[in-house]
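>>> Sequence and computational prediction follow.
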Amino acid sequence: MVMVLSPLFLLFMLGMSLTPLTLAKDDRRYKHFLTQHYDRSPKGRDNKYCEMMMEKRHLTKPCKDINTFVHGNKNDIKDICKDKNGKPYRGNLRISKSPFQVTICKHKGGSTRPPCHYKATKDYRVIVTGCEKGLPVHFDESFVPPRK
């Protein structure tokens with residue numbers, strides 16, 4: 001009996017030791033998503049806001065062409081990956097059931113080297129994300145929801 005339990009016990013312990021690594025990797029991708037696309041309480045939401053946020057979030061070497069910042073509650077964004085605030089959309093993507101306040105920062109053109117200049121667009125949009133293990137890890141697109 002001890003010989004049978006021993007390999008199972010070792011396998012169980014190995015699985016338990018790898019779990020934090022998997023969670024850490026998922027957490028890293030989610031944190032990267034938040035760094036690139038989340039700002040709970042934006043100040044201004046104008047061109048200067050975009051220029052400051054893009055630089056602060058390290059999206060200006062080279063100047064990123066376009067980036068969307070989603071504002072509001074982090075849990076509402078996470079819920080897109082569940083049925084609570086999301087539904088399946090094209091392949092493995094999920095679309096939000098409710099619109100979010102967003103700021104879209106679009107590079108004005110010219111050099112792709114800093115200093116970068118951006119035009120801000122403020123809107124309420126549904127957003128499309130890629131999810132892994134219940135967490136958003138990729139911002140795909142946003143659009144104005146159709147009127148009902």
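On my side now, so go ahead.
>>> For the protein, give the strand that spans the most residues.
Secondary structure of the chain per DSSP state E: the longest strand is strand 118-132.
>>> other SSEs contacting that strand?
Secondary-structure packing of strand 118-132 (3 or more C-beta pairs under 8 Å, 6 or more residues apart in numbering; DSSP states H and E): helix 2-37, helix 47-56, strand 86-89, strand 93-96, strand 100-107, strand 135-143. Where C-beta positions appear, they are placed from N, C-alpha and C, glycine not excepted.
>>> between those, which gets the lowest average pLDDT?
Ranked by mean pLDDT, the helices and strands packed on strand 118-132 end with helix 2-37 at the bottom, a mean of 63.
>>> what's the residue closest to the geometric middle of this structure?
F33 (3.3 Å; C-alpha atoms, centre = their mean).
>>> wait, that one sits on V137?
Yes: with contact defined as C-beta atoms under 8 Å, F33 reaches V137; the gap is 5.2 Å.
>>> intersection of neighbour lists for these two?
Common contact partners of F33 and V137 (C-beta atoms under 8 Å, 6 or more residues apart in numbering): T129.
>>> In the sheet, which residues pair with the closest residue to P99 other than its chain neighbours? Tell me.
With C-beta to C-beta, 6 or more residues apart in numbering as the criterion, P99 has its nearest non-adjacent residue at 4.3 Å, and that residue is Y124. On the basis of DSSP bridges, Y124 is bridged to Q101.
>>> Now do the contacts for Y124.
P99, F100, Q101, V102, V144.
>>> Distance check, it against R113.
Distance from Y124 to R113, counting by C-beta to C-beta, to the nearest Å: 33 Å.
>>> Ok, P145 next?
From P145 to R113 the distance is 37 Å (C-beta to C-beta).
>>> So for these two, which residue has more residues nearby?
For the pair P145 and R113, the greater number of neighbours falls to P145 (14 against 10), based on other C-beta atoms under 10 Å.
>>> who are the neighbours in contact with the residue nearest to T60 when sequence neighbours are not counted?
Nearest residue to T60, sequence neighbours excluded (C-beta to C-beta, 6+ apart): C116, at 4.5 Å. Applying C-beta under 8 Å, 6+ apart to C116 gives the contacts E51, M54, E55, T60, C63, K64, H107.
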